[in-house]
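1. turn this into a model:
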Amino acid sequence: MNDLDRLLQAVLTQARALDLPISSQIDPHVAVDRRAVCRLGCCILKNGRYQIHLSVRLSDGPEAACLQTLAHEALHTCPGCLDHGKRWQSYAARMNAAYGYAISRTSDPAALGLPDWEKPVRYVLVCRSCGREFARMRASSLVQHPERYRCRCGGRLERKS
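-> Numbers count the residues shown, from 1 in each chain. Here you go, the predicted model:
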């Protein structure tokens, strides 16, 4: 059993101690994702089993960062928690209170003690009204058709680069 697998088992034990409905169908081996650029981890449901992946970038950080990310992903195995909805948030709050985590929908790598982690950016859109910038890596619909979208302020978006 490698270190990540051991940490996953520790997180699952913590969650079960709080009577959280963590799935029993979790692959005990954590996959290391060497291609993940923006995310720290993910939970994939395939053929009725959950596979948890962590970014290779977590290997440069403290154990606490791995534990918190594993806890975040393990909560996705609870019934009705594949998203970050209210049920998932309530379970995250219970884990946070009991074990001192700061599990949230997204995590700031710097707050987790990870080395400099700049997200690569290929496209930048800007609001014509307020100047807010939107950085994107992929040529999504937003990037390809900014005229279809509006900023929170109601302003129109245009592609800067």
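
2. where does this structure dip in pLDDT?
-> Along the chain, segments meeting pLDDT under 70 span 1, 116-118.

3. where exactly do the helices run in it?
-> Secondary structure of the chain (DSSP state H): helices located at 3-17, 63-75, 86-99, 141-144.

4. wait, doesn't residue 36 sit right on residue 55?
-> Yes - judged on CB atoms under 8 Å, residue 36 makes contact with residue 55 at a distance of 4.0 Å. For every residue, glycine as well, the C-beta is placed using N, CA and C.

5. which residue of the two possesses the greater neighbour count?
-> More crowded of residue 36 and residue 55, by other CB atoms under 10 Å: residue 55, with 23 against 16.

6. quick one, what contacts the more buried one?
-> Shown in contact with residue 55 (CB atoms under 8 Å, 6 or more residues apart in numbering): 32, 33, 36, 39, 40, 41.

7. between those residues, which sits nearest residue 111?
-> Among these, residue 40 lies closest to residue 111 (CB to CB), at 11.3 Å.
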